[in-house]
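[1] Sequence and predicted structure, then a few things I'm wondering about:
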Amino acid sequence: MTRSGSIAVIMPAAGSGQRFGSQSNKLFANLDGKPLWQHAVDRFESRSDVGLLVLAVSADDESIFREQISELNCNLPIRLVRGGATRSESVQAGLDEVLRFTNEPGDRSKPPTIDRVAIHDAARPLVRQSDLDRVFAEATSSGAALLVAPVSGTLKRDTGSGSQTVDRRNMYVALTPQVFAIDVIRQAYARDRGRMATDDAQLVERTGHPVQLVTGSADNLKITYPEDLRIAEAILNECRSEFV
Ligand SMILES: Nc1ccn([C@@H]2O[C@H](COP(=O)(O)OP(=O)(O)OP(=O)(O)O)[C@@H](O)[C@H]2O)c(=O)n1
Ligand SMILES: C[C@](O)(CO)[C@H](O)COP(=O)(O)O
């Protein structure tokens with residue numbers, strides 16, 4: 001299996017899905033006839049600029065993921081690593097595997113080089129190819145970029161004694177993928193190993209490396225609550241061609 005892509009995708013998939021409320025991992029929930037996580041993989045499998053995908057999974061889910069991967073007709077090399085107690089720990093495990101991969105002796109099946117790392121939630125099935133094109137290109141030129149969606153409503157902060165309105169100008173919601181030159185993300189994770197961060201851009205921001213915002217489609221939603229799955233189904237039925 002020869003892939004020439006220079007982007008390694010790390011897909012954190014080791015969460016417990018507490019807000020989704022199902023007995024099993026929300027990533028196995030059915031969306032449009034297949035498990036949710038496979039839609040996220042599909043977005044990258046068809047891309048010639050992607051050369052490797054690393055899934056970070058929990059010990060409980062590993063055998064299910066291995067079984068489902070074996071049934072996939074996927075021409076993208078997929079490696080599994082053990083995720084951690086936090087999303088950052090899961091991404092760290094994925095990054096360690098990407099770095100191991102880049103140091104392995106070369107052979108025909110290996111892409112010539114991995115120069116960027118794209119970190120994408122397995123719980124985000126609907127990232128558009130046009131958005132991937134733009135955030136990948138921005139990461140090439142600036143070394144760090146993430147997809148974001150503008151805040152569309154009025155933002156409120158709970159002061160404890162009531163609400164306070166937050167100026168929403170220049171405010172965005174972070175999406176994924178978050179894409180970085182490999183040395184930028186390696187240094188950010190090495191510097192902040194173990195410090196809490198809910199996304200990867202935050203770690204890079206702490207190094208002082210500017211992270212560019214790329215406005216993407218708001219339908220790149222994260223399946224967090226049960227109703228999100230119904231919304232995703234409707235979006236897929238409405239504009240399937242945007243995602244293939
Ligand atoms: N320790 C963790 C926590 C989260 N994730 C992954 O990070 C992505 C975004 O996290 P989120 O949507 O919050 O998933 P969960 O943590 O599973 O959800 P919850 O907070 O409701 O438990 C998901 O693909 C999830 O599987 C992970 O790999 N490792
Ligand atoms: C990384 C992320 O998708 C950016 O919005 C999000 O923070 C991950 O989900 P979580 O619920 O914060 O773990």
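    In hand now; what should we look at? Numbers count the residues shown, from 1 in each chain. Ligands and ions are numbered 1, 2, ... in the order given.

[2] tell me which element the residue sitting furthest away from the middle of the chain is part of?
    Distance from the centre of the chain peaks at residue 161, with 36.5 Å (C-alpha atoms, centre = their mean). Assigned by DSSP states H and E, residue 161 belongs to no helix or strand.

[3] what pLDDT does it get?
    Model confidence at residue 161, given as pLDDT, is 98.

[4] Then the one 5 residues further on?
    Looking at residue 166, its pLDDT stands at 97.

[5] what's the answer for the one 3 residues further on, then?
    Taken from the predicted model, the pLDDT recorded for residue 169 is 94.

[6] and whichever residue of the chain sits closest to ligand 1, how many neighbours?
    Distances between the chain and ligand 1 by C-beta to the nearest ligand atom are smallest at residue 15, namely 2.1 Å. Backbone N, C-alpha and C define where each C-beta goes, glycine included. The tally of other residues near residue 15 (other C-beta atoms under 10 Å) stands at 23.

[7] Kindly provide the distance from it to residue 72.
    Note on residue 15: its distance to residue 72, by C-beta to C-beta, to the nearest Å, is 21 Å.

[8] Repeat that for residue 199.
    Per C-beta to C-beta, residue 199 is found 27 Å from residue 72.

[9] Name the SS class of residue 140, please.
    helix (DSSP: H, G, I helix; E, B strand; the rest coil).

[10] What is the neighbour count of it?
    Neighbours of residue 140 using other C-beta under 10 Å come to 16.

[11] Spatially nearest residue to it, not counting backbone neighbours?
    residue 116 (6.9 Å; C-beta to C-beta, 6 or more residues apart in numbering).

[12] Show me what that neighbour is bridged to.
    As for beta bridges, residue 116 partners with residue 7, residue 181 under DSSP bridges.

[13] In this structure, where's the longest helix?
    helix 87-103 (DSSP state H).

[14] Which positions in it come out as buried?
    The neighbour-count check on helix 87-103 (16 or more other C-beta atoms under 10 Å) flags 87-98, 101-102 as buried.

[15] again with stretch 44-53
    If you call a residue buried by 16+ other C-beta under 10 Å, then stretch 44-53 has these buried ones: 44, 45, 47, 49, 50, 51, 52, 53.

[16] how long is that stretch end to end?
    Stretch 44-53 has an end-to-end distance of 8 Å (C-alpha to C-alpha, to the nearest Å).

[17] where does residue 214 land on pLDDT?
    pLDDT, residue 214: 98.

[18] And the residue positioned nearest the centre of the chain, how close does it get to residue 41?
    Note on the chain: the residue nearest the mean C-alpha position is residue 120, at 0.7 Å, using C-alpha atoms, centre = their mean. For residue 120, the distance to residue 41 equals 9 Å [C-beta to C-beta].

[19] Could you name every residue contacting both of these two?
    With contacts taken as C-beta atoms under 8 Å, 6 or more residues apart in numbering, residue 120 and residue 41 have residue 11 as neighbours in common.

[20] how about the residues of the chain near ligand 2?
    87, 121, 174, 176, 198, 199, 222 (C-beta under 6 Å from any ligand atom).

[21] got TSV for the residues you listed, with distance to residue 139 too?
    Below are these laid out as TSV (distance: C-beta to C-beta, whole Å):
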residue	distance to residue 139
87	20
121	17
174	15
176	12
198	20
199	15
222	20
